[in-house]
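1. Build the 3D model from these lines:
(one chain, ligands or ions: 1)
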Amino acid sequence: MRILANDGIDPIGKKLLEEAGIEVDTQNIPQEELASKLNAYDGITVRSATKVRKELIDACPNIKVIGRGGVGMDNIDVEYARSKGVAVVNTPASSSLSVAELVFTHLFNGVRFVYDANRKMPVEGANQFNNLKKAYAKGSELRGKSIGIIGFGRIGRETAKVALGLGMDVLAYDLSEVPASLTLELSGNIKVEVPVKKVSLEELISQADFISIHTPFIEKPLLGKEEFEKMKKGVGIVNCSRGGTIDEEALIEALDSGQVAFAGLDVFDNEPTPRTAILQHPKISLTPHIGASTNEAQERIGVELANLVIDVLKG
Ligand code: NAD
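-> Sure, this is the predicted structure:
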């Protein structure tokens, strides 16, 4: 048996598959060549880059499993694959903590202007040290501030736990259930139950000092011009969910007017070619969709994905 790990797989996951007698090919076949080459395999694993659409599924009837290392399945025609008897599996929980920690990377970056200092100091640092020092003098702390979390699923809740651990207030909004409290697991096996405030989207938008989005991709942006106008002046926005959940044009306007103090973005419209106005905006802290890109998350993803694929092919 043979699978194509077209977007790569952690070495531990590869080893598990091989020990189960499944050959793993990690070459990255270009999207346009997949239809003519994939049928030589029993399955394919992808991350977010490779698309597994209806046409590819139709062209490769030998495929028995499509594995997605990660959460979002928007690059796979899941229902169609399943209707053709192809198993589709993913690893939804493996990267939640890594994404949550990236949210705080952007938040700490934002409140202390690190993103701006990193751009300016290599260019102006030696001549402008004291001016830059003055410009960045009005940072703020996160403790005691509120974070509004839109989408209180796996990643939203991990983000809330980090926030609660920092002494922030959590305002949570979700279309489905929001728990009244979360359990923080601290070192030394200490567990603490900390309350969460369930709010409406309107309350969240008008009350939060920072807002972080954790919904799946949705057709209509959750945050646009109208929403930015209702936020507290100087709010910080983080998006580590999917491009499209924020109206990027409206965000740029809100940053330019000072209504939004800064944004931290890991996801963009038009990935992998985000618009220049976003990439070059002085008030945006940027990362290239690396929410799940930690050694720990990739290892967990690799192991979980390998076991799921083994279950399908050998189970
Ligand atoms: P999840 O399914 O556990 O949680 C999503 C939550 O959003 C659910 O509770 C759902 O009810 C809620 N929701 C859906 N539509 C909503 C709406 N319109 N308003 C309010 N709430 C809504 O998913 P998750 O594991 O927490 O992942 C969230 C998203 O994060 C994924 O879909 C993926 O797009 C993204 N993600 C990004 C990275 C990255 O690298 N940046 C990595 C992993 C996941």
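
2. Could you list the contact residues of this protein toward the ligand?
-> Selection of the chain residues close to the ligand by Cβ under 6 Å from any ligand atom yields 70-72, 92, 95-96, 99, 150-156, 173-176, 214-218, 240-242, 266-267, 289, 291-292. Backbone N, C-alpha and C define where each C-beta goes, glycine included.

3. Narrow those residues to those in strands?
-> 150, 173 (DSSP state E).

4. Among the residues of the chain next to the ligand, the buried ones, what's the PyMOL command?
-> To isolate the buried members of the residues of the chain next to the ligand in PyMOL, using 16 or more other Cβ atoms under 10 Å:
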select buried, resi 70+71+72+95+96+99+150+151+152+153+154+155+156+173+174+214+215+240+241+242+266+267+289+291+292
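
5. Return the subset of the residues of the chain next to the ligand lying in helices.
-> Among the residues of the chain next to the ligand, DSSP state H puts 96, 99, 154-156 in helices.

6. And the contacts of the biggest helix by length in the chain?
-> Among the elements of the chain assigned as helix by DSSP H, the one spanning the most residues is helix 114-135. Outside helix 114-135, the residues that touch it by Cβ atoms under 8 Å, 6 or more residues apart in numbering are 108-109, 113, 136, 262, 264, 282-286.

7. Turn these into JSON lines, including secondary structure and neighbour count.
-> Formatted as JSON lines, these follow (DSSP: H, G, I helix; E, B strand; the rest coil; neighbours: other Cβ atoms under 10 Å):
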{"residue": "108", "secondary structure": "helix", "neighbour count": "16"}
{"residue": "109", "secondary structure": "helix", "neighbour count": "21"}
{"residue": "113", "secondary structure": "coil", "neighbour count": "20"}
{"residue": "136", "secondary structure": "coil", "neighbour count": "14"}
{"residue": "262", "secondary structure": "strand", "neighbour count": "24"}
{"residue": "264", "secondary structure": "strand", "neighbour count": "25"}
{"residue": "282", "secondary structure": "coil", "neighbour count": "11"}
{"residue": "283", "secondary structure": "coil", "neighbour count": "19"}
{"residue": "284", "secondary structure": "strand", "neighbour count": "23"}
{"residue": "285", "secondary structure": "strand", "neighbour count": "23"}
{"residue": "286", "secondary structure": "strand", "neighbour count": "17"}
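
8. Can you tell me which of those residues comes closest to residue 23?
-> Using Cβ to Cβ, residue 286 comes nearest to residue 23 of those, at 38.4 Å.

9. And the pLDDT for the closest one?
-> pLDDT, residue 286: 98.

10. what ranges do the helices span in this protein?
-> Using DSSP H, helices in the chain cover 11-19, 31-37, 54-59, 78-83, 96-111, 114-135, 154-165, 201-207, 225-230, 248-257, 276-279, 295-314.

11. CA atoms only for stretch 180-191, dumped as PDB, please.
-> These are the backbone C-alpha positions of stretch 180-191, laid out as PDB (Å, rounded to 0.1, in the frame of the first residue of the first chain):
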ATOM      1  CA  ALA A 180     -19.900  29.100  32.000                       C
ATOM      2  CA  SER A 181     -16.300  28.400  33.000                       C
ATOM      3  CA  LEU A 182     -13.100  26.700  31.700                       C
ATOM      4  CA  THR A 183     -10.700  24.500  33.600                       C
ATOM      5  CA  LEU A 184      -7.100  25.900  33.600                       C
ATOM      6  CA  GLU A 185      -4.500  23.200  34.000                       C
ATOM      7  CA  LEU A 186      -1.500  24.800  35.600                       C
ATOM      8  CA  SER A 187       1.900  23.300  36.300                       C
ATOM      9  CA  GLY A 188       2.200  21.100  39.400                       C
ATOM     10  CA  ASN A 189      -1.100  19.400  38.500                       C
ATOM     11  CA  ILE A 190      -3.100  22.400  39.800                       C
ATOM     12  CA  LYS A 191      -6.600  22.800  38.200                       C
END
